[in-house]
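K.L.:
Turn this into a model:
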Amino acid sequence: MAKAIMIQGTMSNAGKSLLAAGLCRIFKQDGYKVAPFKSQNMALNSFITKDGLEMGRAQVMQAEAAGIQPSVLMNPILLKPTNDVGSQVIVNGEVLGTMSARDYFQYKKELIPKVMEAYETLAAQYDIVVIEGAGSPAEINLKREDIVNMGMAKMAKAPVLLVGDIDRGGVFAQLLGTISLLEEDEKAMVKGMIINKFRGDRTILDPGVEILEEKSGIPVVGVAPYLNIQVEDEDSLTDRFSTAREADLIDIAVIRVPRISNFTDFNALELIPGVSLRYVKQVRELKNPDMIILPGTKNTMEDLLWMRQNGLEAAILKQADQGKIIFGVCGGYQMLGETLSDPEGVEAGGEIKGMGLLPMQTVFRENKTRTRVTGTFQALAGSLSALSGTELEGYEIHMGTTTLADGAKPLVRISDQVTGSVREDGAYRENVYGSYVHGIFDREEVVKKIVEAIGAKKGIDVSQMSSVDFAQFKETQYDLLAQGLREHLDMKKIYEILDAGV
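P.N.:
Purely as a prediction, here's the structure:
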């Protein structure tokens with residue numbers, strides 16, 4: 001069985017996911033077979049594996065850092081919030097059902113055998129498993145039923161590294177306060193502490209580190225700097241939404257709907273010099289973009305009604321009339337149609353009018369489409385005709401089927417990697433495009449042709465705006481992450497903790 005080490009945090013966004021990814025890359029570089037694991041993840045950014053199962057993207061990112069294929073064994077429970085008090089519960093990649101927070105809290109211990117089966121299967125295949133916790137182990141109202149922090153550490157017999165975020169202030173209180181709320185057997189499992197996101201002169205911090213070690217009896221195994229690494233982040237914790245960006249030579253606006261999902265679809269567009277990718281949630285923020293993207297959402301109907309009520313729908317329709325490129329992905333694609341019907345109550349129930357930009361109807365059903373696809377863009381007309389014949393790849397995660405009417409043509413022809421079937425997907429008409437395929441912008445050639453098409457439409461020279469091989473870019477970022485952590489973590493001590501266990 002693999003050796004295990006666990007990263008827990010004093011709070012959400014302390015940097016657990018990134019540190020776990022960095023350790024995965026370091027262990028890989030050092031010659032070990034390593035895999036990530038998180039028993040329970042809550043996220044709307046999800047991914048479909050090659051066998052058609054759904055998991056959280058944080059563990060996909062960590063698997064990439066480890067140089068291995070993602071597997072649902074790495075994230076056996078995924079919670080996808082449907083509203084403020086309930087979530088769709090996904091177990092081993094398949095939908096179990098939708099539960100209120102209270103019902104799930106009472107039920108989740110029933111899932112321990114599933115969690116341990118996944119963990120033990122993974123541990124039998126690898127040398128090291130890097131386990132990530134969730135939130136904080138000191139949530140005293142949740143500890144009794146915990147299966148993701150100290151509860152998981154005990155089941156896996158994993159020593160714990162406790163991470164605190166100095167960038168948000170009060171890191172010494174964070175770490176000492178967390179430790180003080182642990183039971184004695186839990187305290188004994190914490191073998192090291194990491195102060196994360198530090199900026200400035202480390203020597204100024206040294207006196208505090210000495211006192212922290214003295215009061216806790218636990219060594220500080222590193223002070224990690226604030227690393228400007230561009231890898232996929234958790235949807236609920238991202239700072240992408242709060243970062244104000246000015247319009248650049250080519251300006252792309254993504255509508256930040258309340259239940260936005262899989263915004264990682266647009267990361268490749270962010271990397272091009274001269275392109276601004278802005279997330280907007282108010283009409284005044286929309287301004288005059290060259291392209292508007294309607295992203296995926298966990299609740300298409302309610303998010304469309306939100307846009308209708310705050311004026312964004314009317315603003316987008318006006319931009320569409322002016323010839324601006326409108327592109328919908330998954331739920332955003334569904335919004336572009338004429339009607340959205342929910343006879344089975346999958347989302348809000350009932351039927352509402354769509355935006356009317358594409359002649360098509362969507363009906364929501366309980367059955368969930370989960371698959372990976374490859375394919376090509378059809379012979380297109382309109383603003384993005386340059387995409388004709390360009391190859392693409394990605395995955396589908398949606399509940400609902402869309403039927404095209406006269407006036408809409410399929411956008412892409414795709415091969416289903418799970419079933420082997422070949423079919424058409426998406427639709428377009430003039431300057432409006434949509435598809436169910438997540439990751440449709442990940443290929444370098446796709447992004448390049450979109451930028452060129454917008455440039456040609458504006459009459460500007462984009463020849464110097466080079467696109468990026470997104471997969472290679474991510475590899476570079478994982479190496480930079482590992483390098484930064486090696487310089488600031490005591491890896492010798494961390495290996496000693498790993499070898500000693502609990």
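K.L.:
so where is the stretch 151-300 of the chain shaky, pLDDT-wise?
P.N.:
Scanning the stretch 151-300 of the chain for pLDDT under 70 picks out 233-244.
K.L.:
all helices for it, in order.
P.N.:
Using DSSP state H, counting those that start in this stretch, the helices found in the stretch 151-300 of the chain span residues 171-180, 184-187, 202-216, 267-270, 283-286, 300-310.
K.L.:
how about a markdown table for those helices, with mean neighbour count and distance to Val148 added?
P.N.:
The way it works is simple: take the backbone N, C-alpha and C, and place the C-beta from them, glycine included. Converted to a markdown table, the helices of the stretch 151-300 of the chain look like this (neighbours: other Cβ atoms under 10 Å; distance: least, Cβ to Cβ, whole Å):
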| stretch | mean neighbour count | distance to Val148 |
| --- | --- | --- |
| helix 171-180 | 19 | 15 |
| helix 184-187 | 13 | 14 |
| helix 202-216 | 13 | 23 |
| helix 267-270 | 21 | 26 |
| helix 283-286 | 14 | 36 |
| helix 300-310 | 19 | 28 |
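K.L.:
among these, which is nearest Ile195?
P.N.:
Evaluated with Cβ to Cβ, those place helix 171-180 nearest to Ile195, the distance being 5.6 Å.
K.L.:
Now do the closest one against helix 202-216, angle only.
P.N.:
Orientation check (axes from the mean of the first three to the mean of the last three Cα atoms, to 10 degrees): helix 171-180 against helix 202-216 gives 20 degrees.
K.L.:
tell me what helix 171-180 is packed against?
P.N.:
Helices and strands touching helix 171-180, by 3 or more Cβ pairs under 8 Å, 6 or more residues apart in numbering; DSSP states H and E, are strand 160-165, strand 190-198, helix 202-216.
K.L.:
Swap in 6 Å and give it another go.
P.N.:
Where contact means 3 or more Cβ pairs under 6 Å, 6 or more residues apart in numbering; DSSP states H and E, helix 171-180 is packed against strand 160-165, helix 202-216.
K.L.:
related to what we said a few turns ago, between the helices of the stretch 151-300 of the chain, which one is nearest to Gln88?
P.N.:
Among these, helix 300-310 sits nearest to Gln88 (Cβ to Cβ), with 13.8 Å.
K.L.:
how far out from the middle of the chain is the closest one?
P.N.:
23 Å (Cα atoms, centre = their mean, to the nearest Å).
K.L.:
before we move on, what about stretch 322-332?
P.N.:
Once both centres are worked out by Cα atoms, centre = their mean, stretch 322-332 turns out to sit 21 Å from its chain's centre.
K.L.:
which stretches of the stretch 1-150 of the chain form strands?
P.N.:
Ranges of strands in the stretch 1-150 of the chain, per DSSP state E, counting those that start in this stretch, are 3-9, 34-37, 40-42, 46-48, 54-56, 77-81, 86-91, 94-100, 128-132.
K.L.:
now those strands as JSON lines including mean pLDDT and distance to Lys324?
P.N.:
What follows is the strands of the stretch 1-150 of the chain, written out as JSON lines (pLDDT from 0 to 100; distance: least, Cβ to Cβ, whole Å):
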{"stretch": "strand 3-9", "mean pLDDT": "98", "distance to Lys324": "42"}
{"stretch": "strand 34-37", "mean pLDDT": "98", "distance to Lys324": "40"}
{"stretch": "strand 40-42", "mean pLDDT": "94", "distance to Lys324": "35"}
{"stretch": "strand 46-48", "mean pLDDT": "95", "distance to Lys324": "29"}
{"stretch": "strand 54-56", "mean pLDDT": "95", "distance to Lys324": "33"}
{"stretch": "strand 77-81", "mean pLDDT": "94", "distance to Lys324": "31"}
{"stretch": "strand 86-91", "mean pLDDT": "93", "distance to Lys324": "34"}
{"stretch": "strand 94-100", "mean pLDDT": "93", "distance to Lys324": "36"}
{"stretch": "strand 128-132", "mean pLDDT": "98", "distance to Lys324": "41"}
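K.L.:
Mean neighbour count and distance to Lys157 added to those, as JSON lines?
P.N.:
Formatted as JSON lines, these follow (neighbours: other Cβ under 10 Å; distance: least, Cβ to Cβ, whole Å):
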{"stretch": "strand 3-9", "mean neighbour count": "26", "distance to Lys157": "7"}
{"stretch": "strand 34-37", "mean neighbour count": "28", "distance to Lys157": "13"}
{"stretch": "strand 40-42", "mean neighbour count": "22", "distance to Lys157": "19"}
{"stretch": "strand 46-48", "mean neighbour count": "27", "distance to Lys157": "29"}
{"stretch": "strand 54-56", "mean neighbour count": "26", "distance to Lys157": "24"}
{"stretch": "strand 77-81", "mean neighbour count": "23", "distance to Lys157": "20"}
{"stretch": "strand 86-91", "mean neighbour count": "20", "distance to Lys157": "23"}
{"stretch": "strand 94-100", "mean neighbour count": "15", "distance to Lys157": "27"}
{"stretch": "strand 128-132", "mean neighbour count": "26", "distance to Lys157": "11"}
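K.L.:
Output the ones you listed as a markdown table; include the columns distance to Ile292.
P.N.:
A markdown table is the format used below for the strands of the stretch 1-150 of the chain (distance: least, Cβ to Cβ, whole Å):
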| stretch | distance to Ile292 |
| --- | --- |
| strand 3-9 | 36 |
| strand 34-37 | 35 |
| strand 40-42 | 29 |
| strand 46-48 | 24 |
| strand 54-56 | 28 |
| strand 77-81 | 25 |
| strand 86-91 | 28 |
| strand 94-100 | 31 |
| strand 128-132 | 35 |
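K.L.:
nearest to Ser463, of the helices of the stretch 151-300 of the chain?
P.N.:
Closest to Ser463 of the helices of the stretch 151-300 of the chain, according to Cβ to Cβ: helix 267-270, at 18.0 Å.
K.L.:
what does stretch 26-33 contact?
P.N.:
Outside stretch 26-33, the residues within contact range by Cβ atoms under 6 Å, 6 or more residues apart in numbering are Val34, Ala66, Gly67, Tyr126, Asp127, Ile128, Ala482.
K.L.:
Dump it to PDB, restricted to CA.
P.N.:
Below are the C-alpha coordinates for stretch 26-33, written out as PDB (Å, rounded to 0.1, in the frame of the first residue of the first chain):
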ATOM      1  CA  ILE A  26       7.700  17.100  -6.500                       C
ATOM      2  CA  PHE A  27       7.200  13.400  -5.700                       C
ATOM      3  CA  LYS A  28       6.800  12.600  -9.400                       C
ATOM      4  CA  GLN A  29      10.000  14.500 -10.200                       C
ATOM      5  CA  ASP A  30      11.700  12.400  -7.400                       C
ATOM      6  CA  GLY A  31      10.800   9.200  -9.200                       C
ATOM      7  CA  TYR A  32       7.600   8.100  -7.300                       C
ATOM      8  CA  LYS A  33       4.300   7.000  -8.600                       C
END
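K.L.:
and the gap between the spatially closest residue to Pro76 that is not a sequence neighbour and Leu73?
P.N.:
Spatial nearest neighbour of Pro76, chain neighbours left out: Ala118 (4.0 Å); criterion: Cβ to Cβ, 6 or more residues apart in numbering. Applying Cβ to Cβ, to the nearest Å, the value for Ala118 to Leu73 is 5 Å.
K.L.:
can you check Val254 too?
P.N.:
Noted for Val254: a distance of 32 Å to Leu73, by Cβ to Cβ.
K.L.:
Counting neighbours, go ahead and name the busier of those two.
P.N.:
Shown here are Val254 and Leu73; by other Cβ atoms under 10 Å, Val254 has more neighbours (27 against 22).
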